[in-house]
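> I would like to see how this sequence folds:
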Amino acid sequence: MAKDIFQQQGLAYAKYADDSFSWKNIELPCLKRHLTKHLKPSSNIIEAGSGSGRIIDYLKLNSIKEKNITGIDSNKELITLTKNKYPQAKFIQANICDRHLRPKKSDVIIASMVLHFLNDKELDKALYNFNQWTHKGGFLFFVVAHPLRFISRDLKQYFNTGWRNEKTPWNTKLPFWQRTIADYVNQTISADYNILVIDEPHLSARKKFNSEQAKYAQLPTRLAVLAQKK
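Residues are numbered from 1 along each chain as shown. Model prediction:
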């Protein structure tokens, strides 16, 4: 459901993504805090849902060779965009839930702001794939919209799993799958991972932000998980 709509919004997202407030102030610092210490110059990386390629810039700044990075995205326009930006990296236009997909095995898989666009069956398939695509002892790091992000005004909806349509920061609407923190944790464990870190990265409420930015300081807006393949 979500992936079909996202096909129409790929370039709109790309124009927003690299300079977004949440990327620079929440998601990127979270990556640096939890993942950087596990990266080596020889690491092979898969970015599942590579989007605009903004994580590739982070990886290159941490001594990862571009040729050791594989981006997977279902959006043809985004694949074309990132191929032009990062000509030495490998890009695959595919659905991360596809059980027939067999990229080169990796040391680290990153899925940033992707998995909340999958329903439960799709998430199980994606996590299974991630496990198959990773060497033993390899790492999975994912960031999703926090389950409280869109239901803070009606907390009774927390346990009502299913599709919800919400406005995006790039002024469109997208469906995402509401699930609990426990759902993310348990589905990751079921995919044969040990969870190392669970984080709810946030901004300091003491800092001054404009009205739009202040929304990110009022409640948790992101959920991050670092896991290791058994």
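> can you give me the strands in the chain?
With DSSP state E, the ranges of strands along the chain come out as 45-48, 69-73, 90-93, 106-112, 134-145, 162-167, 173-178, 193-199, 222-229.
> how far off centre is the third one?
For strand 90-93, the distance from its own C-alpha centre to the chain's C-alpha centre is 17 Å (C-alpha atoms, centre = their mean, to the nearest Å).
> now do that strand: which elements does it pack against?
When contacts are defined as 3 or more C-beta pairs under 8 Å, 6 or more residues apart in numbering; DSSP states H and E, strand 90-93 sits against strand 69-73, helix 76-85. Every C-beta, even on glycine, is put in place using the N, C-alpha and C of the backbone.
> what's it in contact with?
Defining contact as C-beta atoms under 8 Å, 6 or more residues apart in numbering, one finds that strand 90-93 is touched by 50, 67, 69-76, 79, 82-83, 101, 103-104.
> could you export that strand as PDB, CA atoms only?
Taking C-alpha atoms only, strand 90-93 is exported to PDB below (Å, rounded to 0.1, in the frame of the first residue of the first chain):
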ATOM      1  CA  LYS A  90      26.000  -0.300  -6.200                       C
ATOM      2  CA  PHE A  91      22.300   0.300  -6.400                       C
ATOM      3  CA  ILE A  92      19.500  -2.200  -6.800                       C
ATOM      4  CA  GLN A  93      15.900  -1.300  -7.700                       C
END
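> which of the contacts of strand 90-93 are buried, as a ChimeraX select command?
A single ChimeraX command suffices to select whichever of the contacts of strand 90-93 are buried according to 16 or more other C-beta atoms under 10 Å:
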select :50,69,70,71,72,73,74,75,79,82,103
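> in stretch 203-221, which residues are buried?
For stretch 203-221, by 16+ other C-beta under 10 Å, it's 203, 209, 215-217, 220-221.
> actually, stretch 44-60.
For stretch 44-60, the neighbour count (16+ other C-beta under 10 Å) marks 44-56, 58-59 as buried.
> which ones are touching residue 221?
Neighbour list for residue 221: 22, 26, 145-146, 149, 202, 215 [criterion: C-beta under 8 Å, 6+ apart].
> mind putting those in JSON lines, distance to residue 230 and pLDDT included?
Conversion of the contacts of residue 221 to JSON lines gives the following (distance: C-beta to C-beta, whole Å; pLDDT from 0 to 100):
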{"residue": "22", "distance to residue 230": "32", "pLDDT": "91"}
{"residue": "26", "distance to residue 230": "29", "pLDDT": "93"}
{"residue": "145", "distance to residue 230": "27", "pLDDT": "94"}
{"residue": "146", "distance to residue 230": "27", "pLDDT": "96"}
{"residue": "149", "distance to residue 230": "30", "pLDDT": "88"}
{"residue": "202", "distance to residue 230": "30", "pLDDT": "82"}
{"residue": "215", "distance to residue 230": "38", "pLDDT": "77"}
